[in-house]
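> coords please:
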Amino acid sequence: MEELYKSLLTGPELLAEQFVSQMFELAGQDGTVLIFTDGRGKVSANHASRAAFLHDDPDRLTSICHQIDDGDDPCVCKVEGGCVVGTQLATENSHCGYFLIFLPGYTTQTVYANMDLIELTLSQAQWICQLIEKNNQLHHMQLHHLSKSSRVLS
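Numbers count the residues shown, from 1 in each chain. Take a look at the predicted model:
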């Protein structure tokens, strides 16, 4: 039973799915363009049509993720129509993927002028990811406790 609970509530796939759901909901319909990739090629974007580089140059996203892996975190890249700022999302237990914000119309100078605010936003995304993981761990512990004390499962 322990393994069943663990498989349901842990792992980077579930964490990534929950993170994307939360972040995209926060951004709203006409909000900021948020992009998440799990590093294996699966990409989610709340407004993919507003980030042309995702369609016109799909290798660019892979290149940005490699830059982040090489220590350029947060990574600032000029792309078609604006700039992308990205960071790696990781928790104590897993590498979740990469979180990017597409800033339409921004130049690299504009990004660097606003870097304090952008880094704060990226840090909040990291905290959301960590809180989701902690919440999943709590649920796992509760289910584990219930299974140990359940008369039905004993």
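
> quick one: the strands in this structure?
33-37, 43-45, 75-79, 82-90, 95-104 (DSSP state E).

> give me the longest helix you can find in this structure.
helix 115-149 (DSSP state H).

> by contact count, what packs against that helix?
Helices and strands touching helix 115-149, by 3 or more CB pairs under 8 Å, 6 or more residues apart in numbering; DSSP states H and E, are helix 2-9, helix 12-27, strand 82-90, strand 95-104. Where you see a C-beta, it was placed from the backbone N, CA and C, and this is true even at glycine.

> pLDDT weak spots in this structure?
Within the chain, the segments meeting pLDDT under 70 span 1-12, 39, 139-140, 142-154.

> using TSV, lay out the strands of the chain together with mean neighbour count and distance to residue 65.
Formatted as TSV, the strands of the chain follow (neighbours: other CB atoms under 10 Å; distance: least, CB to CB, whole Å):
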stretch	mean neighbour count	distance to residue 65
strand 33-37	22	6
strand 43-45	18	10
strand 75-79	19	9
strand 82-90	21	7
strand 95-104	22	5
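
> for these, which one sits closest to residue 123?
Residue 123 sits nearest to strand 82-90 of all the strands of the chain, at 8.6 Å, using CB to CB.

> that closest one vs helix 12-27, what angle?
If you take axes from the mean of the first three to the mean of the last three CA atoms, to 10 degrees, strand 82-90 sits at 140 degrees to helix 12-27.

> now the strands of the chain in CSV, with distance to residue 15?
What follows is the strands of the chain, written out as CSV (distance: least, CB to CB, whole Å):
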stretch, distance to residue 15
strand 33-37, 11
strand 43-45, 13
strand 75-79, 21
strand 82-90, 9
strand 95-104, 5
